[in-house]
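Novice: Make a model of this:
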Amino acid sequence: MALPRLAFCIMGSLLLTVAAAPARAQDYPARPITLVVPFAPGGGVDLMARLVAGKLEQRLGKSFIIENKPGAGSIIAASYVQKSSPDGYTLLMAPAPTLAVNVSLYKNLPYDPTTDFVPLALLSGTPFVLMVNVDLPVKSVPELLAYAKAHADKMTFASAGPGVPHHLFMELFKTMTGMKASHVPYRGSLPALNDLVAGHIPMMFSDIGPATGLLEAKRVRPLGISTKTRHPAFPDIPPLGEAGVPGFDAVSWQAMAAPAQTPRPIVDKLNAELTVVLALPDVKQQILRMGFLPLENRRVDELKEFVKSEIVRWGKVVREAGIAGSQ
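Specialist: Take a look at the predicted model:
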């Protein structure tokens, strides 16, 4: 009789385990949640994290702790979350480089974006503006291409570092237009913008946030924005697709992710809550004020496919730029 009793106990244990998963989601969260940001405080991704975390606190009734872990192109933060307990209490702010670009850029990336993380939501998009020094004798994309052709041995462009959107958007632009220009990486957007204004570098792609003051003061000349549509803050800047590069459409994005083995009921709950938060009118307004764009959110399975498609898309750009495995 011992064997049937043992079997009965095992079956009972399995049933309790299966029943526990929905209960964990129903009770979640039972304690504060840590949201890990791969950059220093005060930047765009950090500000986005604090905006969304504040709204989630109100809806879920538990505190969100922002933990900044900058360094190594976001690998330090991603590796930390990857190794954390998959229980929904340690989440990652995951911009496009973390989930879509690093896999091609780094020779020995210690995580796999598609198997080590599950995306919870797309939080916002970051449009970039192609801008030139005001003394450069060009006022449109066709004029820039003509000028670059005539000065091919001298044309350079700035970025905030190898493999970041500033760099890859220009590589995509070069591929689509045939323009020749050499890459000059800087340690961040601000020093690159400073040299653009000073005339030490003729052009660059920059996200709107750090460039807003320069654009408003007309200290740089914008030629086009990287998205399909105009940005409400700068409606006079045409999309590059209309300005001379048909089909150009590139936006960096910020997502939130969890370790891959996080229980699906908790993942779905966070996805649903984030969808509600990101649809709030005041949140959309704040996203626009920060220089970002609100994005239409998707279900978790659709987000997984989106990340896979972005890995393919930017992997091609990285390879064509000759920087695959360079880090």
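
Novice: just for the chain, where's the confidence low?
Specialist: Applying pLDDT under 70 to the chain picks out residues 1-25.

Novice: Which elements pack onto the strand ranked longest in it?
Specialist: Using DSSP state E to define each element, the chain has its longest strand at strand 117-126. Here strand 117-126 is seen to pack against helix 44-60, helix 75-82, strand 90-95, strand 252-259, helix 264-278, helix 300-320 when contacts are counted using 3 or more Cβ pairs under 8 Å, 6 or more residues apart in numbering; DSSP states H and E. For the C-beta atoms, the positions are set from N, CA and C on the backbone; glycine is no exception.

Novice: residues in contact with L190?
Specialist: Applying Cβ atoms under 8 Å, 6 or more residues apart in numbering to L190 gives the contacts P210.

Novice: Quickly note the distance from it to V276.
Specialist: Counting by Cβ to Cβ, to the nearest Å, the gap from L190 to V276 is 35 Å.

Novice: just P86 next, same as before
Specialist: Separation of P86 from V276 (Cβ to Cβ): 23 Å.

Novice: between the two, who's got more neighbours?
Specialist: Per other Cβ atoms under 10 Å, whichever of P86 and V276 has more neighbours is P86, with 19 against 13.

Novice: quick one: the more buried one from R264, how far?
Specialist: Taken as Cβ to Cβ, the span from P86 to R264 is 11 Å.

Novice: next one: M93
Specialist: Using Cβ to Cβ, M93 is found at 21 Å from R264.

Novice: Neighbour count for the two, which is higher?
Specialist: M93 (27 against 13).

Novice: isn't that one right up against Q254?
Specialist: Yes: using Cβ atoms under 8 Å as the test, M93 is close enough to Q254 to be in contact (6.6 Å).

Novice: What's the local residue count around the nearest residue to G178 once chain neighbours are set aside?
Specialist: Nearest residue to G178, sequence neighbours excluded (Cβ to Cβ, 6 or more residues apart in numbering): L145, at 7.9 Å. The tally of other residues near L145 (other Cβ under 10 Å) stands at 17.

Novice: and if you look at the one 5 residues further on?
Specialist: Per other Cβ under 10 Å, the neighbour tally for A150 reads 9.

Novice: centroid residue for this protein?
Specialist: P95 (2.5 Å; Cα atoms, centre = their mean).

Novice: can you pull up the bridge partners for that one?
Specialist: Beta bridges link P95 to Q254, judged by DSSP bridges.

Novice: Over to N68?
Specialist: Beta-bridge partners of N68, as defined by DSSP bridges: V37.

Novice: and P32, what does it touch?
Specialist: Under the criterion of Cβ under 8 Å, 6+ apart, the neighbours of P32 are 62-65, 89.

Novice: Mind telling me the two of those residues farthest from one another?
Specialist: Using Cβ to Cβ, these span at most 11.2 Å, a distance reached by S63 and Y89.

Novice: quick one, which of the two is more surrounded?
Specialist: Taking neighbours as other Cβ under 10 Å, S63 and Y89 compare with Y89 leading, 19 against 13.

Novice: Just to check, that one is in contact with L60?
Specialist: No: counting by Cβ under 8 Å, Y89 sits too far from L60 to count as a contact (11.7 Å).

Novice: quick one: the residue lying closest to G325 once chain neighbours are set aside from T115, how far?
Specialist: By the measure of Cβ to Cβ, 6+ apart, the closest residue to G325 outside its immediate chain neighbours is K107, 4.2 Å from it. To T115, K107 is 19 Å away according to Cβ to Cβ.

Novice: and for M93 and Q254, which residues touch both?
Specialist: With Cβ under 8 Å, 6+ apart as the test, M93 and Q254 both reach 45, 48.

Novice: thinking again about what came up before, can you add distance to L215 and give the contacts of P32 back as a markdown table?
Specialist: A markdown table is the format used below for the contacts of P32 (distance: Cβ to Cβ, whole Å):
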| residue | distance to L215 |
| --- | --- |
| K62 | 40 |
| S63 | 37 |
| F64 | 33 |
| I65 | 35 |
| Y89 | 40 |
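
Novice: Dump these to JSON lines, plus secondary structure.
Specialist: As requested, those are exported to JSON lines (DSSP: H, G, I helix; E, B strand; the rest coil):
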{"residue": "K62", "secondary structure": "coil"}
{"residue": "S63", "secondary structure": "coil"}
{"residue": "F64", "secondary structure": "strand"}
{"residue": "I65", "secondary structure": "strand"}
{"residue": "Y89", "secondary structure": "coil"}
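
Novice: now, which of these sits nearest A233?
Specialist: Proximity of those to A233 was ranked by Cβ to Cβ; the top entry is F64 with 27.8 Å.

Novice: Which residue is the nearest non-sequential neighbour of that closest one?
Specialist: The shortest distance from F64 to any non-neighbouring residue, by Cβ to Cβ, 6+ apart, is to A53 (3.7 Å).
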